[in-house]
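Trainee: What follows is a predicted protein model with its sequence.
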Amino acid sequence: MSIEKDQVCVLIPTLNEGPTIGSLVEDFRDLGFQNILVIDGHSTDTTRQIAEKAGARVIEQTGKGKGNAIIEAFDRIEQPYILMIDGDGTYAPGESEKMLMPLSLGAAQVIGNRLISENRSSFSWLNYTGNQLLNRLFKVAHGRYLNDILSGYRAFSRESVRQFQLKETGFGIETEISAEAVRNKQDIRIVPVSYRKRSGTPTKLKPFHDGIKISTTIYRLAKMSNPLFYFGLIGLIFMIMGLLIGVYVLQQWLNQIEHLPLTILTMLLIVVGFQIFMFGIISDMMLVFHREIIHEMQTLRQSDDEKK
């Protein structure tokens, strides 16, 4: 079963994408997509006018940030399928069929994977390495490797989007979408896509600053999906600090020098760290129990629906 193009809303979040947005909208219209929504983050150039002239429905977001734009757009879309693509011209509209195909086979979300060998020249060494590190951190924190959690080329069913509880306002939105999909155990498919170097407009990403923010987002979101990792890491840091101070205290004691306050601090850090670690284990057990209850409730609901 293929997806009809009038069932798809092409979602394009923009901010000062004047040089690329016109041709992007026209390419999608040439492919037969009529429902094209450009949600603009208060561009100071002619992005909105160009997009509207090219045939897109244009909305200026009420808040600020890419995350706010996508959350607001999700609430406005009525079509059963959503194809989201960045407005900077780095992704190819011609690969839209490849992105939508898994949805027709039952997938909830499709991620376009940029990090393939064919696209290596489109990334600087720093950006490529940073993306790989963030993907591996995501796997450790959330238990699944998704190849490219920061991809701006994605496809969703509208039902899967309704399961998301999104709060990120900025560039962390892709990370949160990935985390929410994993948390809800959605069927996620990975599709390799082409990726071109950004041209026409300067990048809005700041590698170090945004890398730290995204890493923090990955860690913070793990509180709901992997509490053992979240609390365990905190507890481990406390215990390591206690052990390091303890080594110093022991070394001084062997030299006939006593440090009673540091000794007390050592014990406090180790005990508090251990307690936090154990809290992570208990939280993880509660999460597993909660998921089992939800699964049983869904099974019973499906059984009742079949009987009716």
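Mentor: Received it, and whenever you're ready, just let me know what you need. Residues are numbered from 1 along each chain as shown.
Trainee: Where do the strands of the stretch 101-250 of the chain begin and end?
Mentor: Ranges of strands in the stretch 101-250 of the chain, per DSSP state E, counting those that start in this stretch, are 109-113, 154-157, 188-192.
Trainee: Take those and lay them out in TSV including mean pLDDT.
Mentor: Formatted as TSV, these follow (pLDDT from 0 to 100):
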stretch	mean pLDDT
strand 109-113	97
strand 154-157	96
strand 188-192	97
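Trainee: Now mean neighbour count too, for these, in JSON lines please.
Mentor: C-beta here means a position set from N, CA and C on the backbone, and glycine is covered the same way. Shown next, in JSON lines, are the strands of the stretch 101-250 of the chain (neighbours: other CB atoms under 10 Å):
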{"stretch": "strand 109-113", "mean neighbour count": "24"}
{"stretch": "strand 154-157", "mean neighbour count": "25"}
{"stretch": "strand 188-192", "mean neighbour count": "18"}
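Trainee: Please convert those to JSON lines, extending it with distance to Asp40.
Mentor: As requested, these are exported to JSON lines (distance: least, CB to CB, whole Å):
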{"stretch": "strand 109-113", "distance to Asp40": "22"}
{"stretch": "strand 154-157", "distance to Asp40": "19"}
{"stretch": "strand 188-192", "distance to Asp40": "27"}
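Trainee: what's the least confident helix or strand in the chain, going by average pLDDT?
Mentor: The helix or strand of the chain with the lowest confidence, counting by mean pLDDT, DSSP states H and E, is helix 260-307 at a mean of 81.
Trainee: So which elements touch that helix?
Mentor: Packed against helix 260-307, as judged by 3 or more CB pairs under 8 Å, 6 or more residues apart in numbering; DSSP states H and E, are the following elements: helix 227-254.
Trainee: The helix it packs on vs helix 260-307, what angle?
Mentor: 170 degrees (axes from the mean of the first three to the mean of the last three CA atoms, to 10 degrees).
Trainee: Out of the strands of the stretch 101-250 of the chain, the one nearest Glu78 is which?
Mentor: strand 154-157 (13.2 Å; CB to CB).
Trainee: Sheet partners, orientation included, of the closest one?
Mentor: Partner strands and pairing direction for strand 154-157 (DSSP bridges) are strand 81-84 (antiparallel), strand 109-113 (antiparallel).
Trainee: CA-only coordinates of it in CSV, if you can.
Mentor: Taking Å, rounded to 0.1, in the frame of the first residue of the first chain, the C-alpha atoms of strand 154-157 are listed here in CSV:
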residue,chain,number,x,y,z
ARG,A,154,12.1,12.7,9.1
ALA,A,155,8.7,11.2,8.4
PHE,A,156,5.9,10.4,10.9
SER,A,157,2.5,9.1,11.1
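Trainee: Check the offset of it from the chain's centre.
Mentor: 13 Å (CA atoms, centre = their mean, to the nearest Å).
Trainee: do you know which of the strands of the stretch 101-250 of the chain lies nearest Pro80?
Mentor: Closest of those to Pro80 is strand 154-157, at 6.6 Å (criterion: CB to CB).
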